[in-house]
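Asks: okay, here's the prediction I keep looking at, along with the sequence it came from:
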Amino acid sequence: MIELIRVSKQYDRRPALSNVTLEIEKGEFVLLMGASGAGKSTLLRMLIGAERPDDGQVFVYGKNVTALKQGDIPYLRRKVGTVFQDFRLLAKKTVFDNVALPLLVQGISAQDIRRKVTEALRAVGVEHKRDQLPMVLSTGEQQRVCIARAIVNGPVVLLADEPTGNLDPGLTAEIIELFKLINARGTTVVVATHDPQVMTQVNRRVITLSHGTLTPEKWVPA
Ligand SMILES: Nc1ncnc2c1ncn2[C@@H]1O[C@H](COP(=O)(O)OP(=O)(O)OP(=O)(O)O)[C@@H](O)[C@H]1O
């Protein structure tokens, strides 16, 4: 599902990723761990074509992301949902409209949009908040809306960058359970985090980056 082959990236001549080779299979739930600045976000951004490696190749869902033209990136992003620490919800749009956003550019009928958004909101447990603005929601609810927006296209991969960074331990546990559910339905899930609670709770394969380099993997069977 995801393959990086000898991927390197520098910013201002400082390595952010160095010779990273890894493979993630369909249906896996993988944690990408490492200290701040280790290169986790850079790696995730490469998987959605937001960053290009200086060297090496990146494959996602059979597509060579490194070779994609700019115009093909939106098609990749329909297959790869993303969730971030800072939510990135549009403040003036309702919960429903925020989740509908990725569908609007695709020429999908209003009826199908309603159905897909309702399903996504229901899957994350915030259907009852559909007409509210994001700022009146709790932080946990806001992150659920972000997850709904990330899964509304039925992605094959879900990437999350520090998704629990703004949440307390209780809410972190809820959000991780949600990722597990999404994974159990067949979506490959990759979560970048430095939170040991997430590692304990997920209890699956851990990929660790240190100064842009992979360290030997821990593997904890499900
Ligand atoms: N656009 C950029 N321009 C310059 N340097 C960058 C850029 N993006 C990342 N870096 C640098 O690359 C290195 C890796 O950053 P990255 O954000 O991938 O780390 P991270 O593991 O995700 O850290 P954090 O957990 O703090 O987000 C850091 O030294 C960072 O300062």
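Replies: Right, received. Where do you want to start?

Asks: how close does Pro196 get to the ligand?
Replies: 14 Å (CB to the nearest ligand atom, to the nearest Å). For glycine as for every other residue, the C-beta is placed from the backbone atoms N, C-alpha and C.

Asks: how deep is that residue tucked in, by neighbour count?
Replies: 9 (other CB atoms under 10 Å).

Asks: again, but for the one 3 residues further on
Replies: Using other CB under 10 Å, the number of residues around Met199 comes to 19.

Asks: which SSE is it in?
Replies: In this structure, Met199 sits in helix 196-202 according to DSSP states H and E.

Asks: return that helix as PDB; C-alpha atoms alone will do.
Replies: The C-alpha coordinates for helix 196-202 follow below in PDB (Å, rounded to 0.1, in the frame of the first residue of the first chain):
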ATOM      1  CA  PRO A 196       3.700   6.900  24.400                       C
ATOM      2  CA  GLN A 197       0.000   6.600  25.400                       C
ATOM      3  CA  VAL A 198      -0.800   6.100  21.700                       C
ATOM      4  CA  MET A 199       1.800   3.400  21.400                       C
ATOM      5  CA  THR A 200       0.600   1.500  24.400                       C
ATOM      6  CA  GLN A 201      -3.000   1.700  23.300                       C
ATOM      7  CA  VAL A 202      -2.500   0.800  19.600                       C
END
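
Asks: give the buried residues for it.
Replies: By neighbour count on 16 or more other CB atoms under 10 Å, the buried set for helix 196-202 is Val198, Met199, Gln201, Val202.

Asks: and that helix, what's its mean pLDDT?
Replies: The average of the pLDDT scores along helix 196-202 is 88.

Asks: give the pairing partners of the helix or strand just after that helix; include direction for each.
Replies: With elements assigned by DSSP H and E, the helix or strand that comes after helix 196-202 is strand 206-210. Using DSSP bridges, the strands paired with strand 206-210 are strand 29-33 (parallel), strand 213-218 (antiparallel).

Asks: around the ligand, pick out the residues from the chain.
Replies: Within reach of the ligand by CB under 6 Å from any ligand atom, the chain has these residues: Tyr11, Asp12, Ala16, Gly34, Ser36, Gly37, Ala38, Gly39, Lys40, Ser41, Thr42, His194.

Asks: give me the ChimeraX select line for the residues you listed, limited to the buried ones.
Replies: Those of these that count as buried under 16+ other CB under 10 Å are selected in ChimeraX with:
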select :16,34,38,39,40,41,42
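
Asks: so which elements touch the helix holding Met199?
Replies: strand 29-33, helix 169-184, strand 188-193 (3 or more CB pairs under 8 Å, 6 or more residues apart in numbering; DSSP states H and E).

Asks: try 10 Å this time
Replies: If you count contacts as 3 or more CB pairs under 10 Å, 6 or more residues apart in numbering; DSSP states H and E, helix 196-202 packs onto strand 29-33, helix 169-184, strand 188-193, strand 206-210.

Asks: from the chain's centre, how far out does the helix or strand where Leu101 lies sit?
Replies: Element membership of Leu101 [criterion: DSSP H and E] is helix 95-104. Relative to the centre of its chain, helix 95-104 is centred 17 Å away, using CA atoms, centre = their mean, to the nearest Å.
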